[in-house]
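J.: all I have is the shape, not the residue letters:
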């Protein structure tokens, strides 16, 4: 038995390098971390930490979907970071950073889009983490059910049923936000 802190050496799938498997997914990793951490600076730190972990353990990657593998590391890193944090999350959704690059020429349309995005962001804050993470990975990152199963480390059948419950919970949270607008966070 070795005293090294690194995992045993295994060979990654032939022809795949860290740069090919992980680096194309850094933007997706940052978006996921930003949604899960709800703080830009923490998200940057999480992605850096997750990238280092992925690099350190890349020898254990045996092929398959590199995106799901890396996003699982990011998700687990976020969970670890959030578990160590005791202060309340106070960073608000930055509408300017996340709005569409297309200019909206009609002020009414722009106002409605902004209101919709703010409403959804507020509603997402009230979801349990397992639903929040699943919706971010599926709806914002576009992961397939198979990729979700890999990233969340759950069976594909569980992905489908949990995604259905997550969407229903989001609908309920949006309805609640619409019914009780005076209780906005």
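T.: Looks like it came in fine. These numbers were taken from a predicted model, which means no experiment stands behind them. Numbers count the residues shown, from 1 in each chain.
J.: tell me which residue is most central in this structure.
T.: residue 32 (2.7 Å; C-alpha atoms, centre = their mean).
J.: give me the nearest residue to that one, chain neighbours excluded.
T.: Using C-beta to C-beta, 6 or more residues apart in numbering and skipping the chain neighbours, the partner closest in space to residue 32 is residue 74 (5.4 Å). Backbone N, C-alpha and C define where each C-beta goes, glycine included.
J.: ok, residue 130 next?
T.: That would be residue 162: by C-beta to C-beta, 6+ apart, it lies 6.8 Å from residue 130.
J.: that neighbour contacts residue 134, doesn't it?
T.: Yes. Assessed by C-beta atoms under 8 Å, residue 162 is found in contact with residue 134 at 5.9 Å.
J.: where does the residue nearest to residue 130 sit relative to residue 137, distance-wise?
T.: 11 Å (C-beta to C-beta, to the nearest Å).
J.: then residue 165?
T.: 15 Å.
J.: these two: which is more packed in?
T.: In terms of neighbours (other C-beta atoms under 10 Å), residue 137 is the more surrounded of residue 165 and residue 137; the figures are 27 against 14.
J.: helix, strand, or coil at that one?
T.: Put simply, residue 137 is helix when judged by DSSP: H, G, I helix; E, B strand; the rest coil.
J.: same thing with the one 5 residues further on?
T.: The three-state assignment at residue 142 reads coil, by three-state DSSP.
J.: how many neighbours does it have?
T.: 10.
J.: check which helices and strands the longest helix belonging to the chain sits against.
T.: As assigned by DSSP state H, the longest helix anywhere in the chain is helix 156-179. Packing contacts for helix 156-179, counted by 3 or more C-beta pairs under 8 Å, 6 or more residues apart in numbering; DSSP states H and E, involve helix 107-125, helix 129-135, helix 145-152.
J.: quick one: those helices as TSV, columns for distance to residue 78 too.
T.: TSV is the format used below for these (distance: least, C-beta to C-beta, whole Å):
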stretch	distance to residue 78
helix 107-125	15
helix 129-135	8
helix 145-152	12
